[in-house]
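In: Here is a sequence with its predicted model. Questions after.
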Amino acid sequence: MNAGPDGARPGIGTGPVSQDLADQDTAEVARQLRDKIAAQFGRSLHIRTLDTGSCAVCEQEIRLLSAPHYDLHRLGFFFTPAPRHADLLLVTGPMVRAFDRAARKTYQAMPGPKVVVATGACALGGVYPADPFVHGNVGEILPVDVWIPGCPPSPLALLQGLGVAVGRLAEKTPDLTFIAGPDVPGGAE
Amino acid sequence: MPFWFARGLRRGVVTTRYPARPDGSAEFLPTPPAFRPLQLTRQTADRLVAVCPSRALRRQDDVLIFDVGACTACGRCAEAAPDAITPSGEFELAATARSALVKKIPIRGETP
């Protein structure tokens, strides 16, 4: 799982875990549980996609994942049409307000532990500002665990994001600076 | 395929690791920009902020704040200031914290 170093994971279970509780009393149990979940999720994970008003290009890229070239299934990921069978919710689009109830119900219908992945620049708050029609950010409604940038994210980016979501791949974004050229003193912050 | 099949029978695991090999299409993907701080002036930065259609850029004094999550890799900033911007080549950008996607670019260019 993509648990942070503090052991508390937003979006899983019932809410934020107290830092003290997580560290002192339950850290070992939490670690074991996390390893067990990672072992279970590690080889078979079912994905439910949720389109909250996207332009459908993200969906095209997601669909490409099951094409022979990327062959998502060899990695143990599968798409499911039912949220009740899903471990991971792959959310695209800027979260139109008319979809609030459906999004919440989809999330509630999923069995825990569950992971929410926001996909594409719309879902991350890049394209549409919040207005009376859209929230402009999936995080407003659902507890997002992994953010995948891109407009659209390529299938390779999606694969890496899914890998990060189940803890199979390490995320490398925090180390990227997006500064090019020769080293600048005090450049990378 | 026969190799995978045999391995699956032997180990009881039929999945493979990612990536099995580097993907040839990766170099053709549009990627978010990388900035050259020495070529960035406040004026250039303001121009980039104005030209960005997805509000991924904003300037705070001598720091250009770049939200990779909002960037759509449209390339308009690279067109507006080709000497200050190159494609970063990074597309595997998934992050577990939204704040990890917001980058601070120092503006080090001489203001004329």
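Out: Noted; the coordinates are in hand. Numbers count the residues shown, from 1 in each chain, chains lettered A, B, ... in the order given.

In: Minimum distance to chain A, which residue of chain B gives it?
Out: Across chain B, the shortest distance to chain A (CB to the nearest CB) belongs to B:Ala70, at 2.9 Å. C-beta coordinates here come from the backbone N, C-alpha and C atoms, glycine included.

In: and that residue, how many neighbours?
Out: Counted with other CB atoms under 10 Å in any protein chain shown, the neighbours of B:Ala70 add up to 23.

In: From what I see, it and B:Pro53 are in contact.
Out: No - using CB atoms under 8 Å, B:Ala70 is not in contact with B:Pro53; the gap is 10.1 Å.

In: that older thread, just give the nearest non-adjacent residue to the residue of chain B closest to chain A, would you?
Out: A:Gly126 (2.9 Å; CB to CB, 6 or more residues apart in numbering or on different chains).

In: Bridged to the spatially most central residue of chain A, which residues?
Out: A centroid search over chain A (CA atoms, centre = their mean) returns A:Val117, at 1.9 Å, as the residue closest to the centre. Beta-bridge pairing for A:Val117 (DSSP bridges): A:Leu90, A:Val146.

In: need the helix or strand of chain B with the lowest average pLDDT.
Out: helix B:2-11 (a mean of 72; mean pLDDT, DSSP states H and E).

In: Quick one: the strands in chain A, in order.
Out: A:45-51, A:77-79, A:88-92, A:115-119, A:146-148 (DSSP state E).

In: Any chance of TSV for the ones you listed, columns distance to A:Tyr107?
Out: Below are the strands of chain A laid out as TSV (distance: least, CB to CB, whole Å):
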stretch	distance to A:Tyr107
strand A:45-51	9
strand A:77-79	17
strand A:88-92	6
strand A:115-119	7
strand A:146-148	15
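
In: Take these and write them to TSV, including mean pLDDT.
Out: Shown next, in TSV, are the strands of chain A (pLDDT from 0 to 100):
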stretch	mean pLDDT
strand A:45-51	92
strand A:77-79	90
strand A:88-92	93
strand A:115-119	93
strand A:146-148	93
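
In: which other helices and strands contact the helix or strand just after the least confident helix or strand of chain B?
Out: Sequence order places strand B:33-35 as the next helix or strand after helix B:2-11, per DSSP states H and E. For strand B:33-35, the packing partners by 3 or more CB pairs under 8 Å, 6 or more residues apart in numbering or on different chains; DSSP states H and E come out as strand B:63-67, strand B:85-87.

In: I'd like to know how many residues surround residue 62.
Out: In the absence of a named chain, this looks at chain A. Neighbours around A:Ile62, by other CB under 10 Å: 24.

In: if you could check chain B rather than the one you did, that'd help
Out: 16.

In: Show the pLDDT at it.
Out: At B:Asp62, the pLDDT value in this model is 87.

In: Over to A:Pro10?
Out: 43.

In: Repeat that for B:Gly69.
Out: 90.

In: what's the closest non-adjacent residue to the most centrally placed residue in chain B?
Out: With distances taken as CA atoms, centre = their mean, the residue of chain B nearest its centroid is B:Pro32 (3.3 Å). Of all residues not flanking B:Pro32 in the chain, B:Cys71 sits nearest, at 4.5 Å (CB to CB, 6+ apart).
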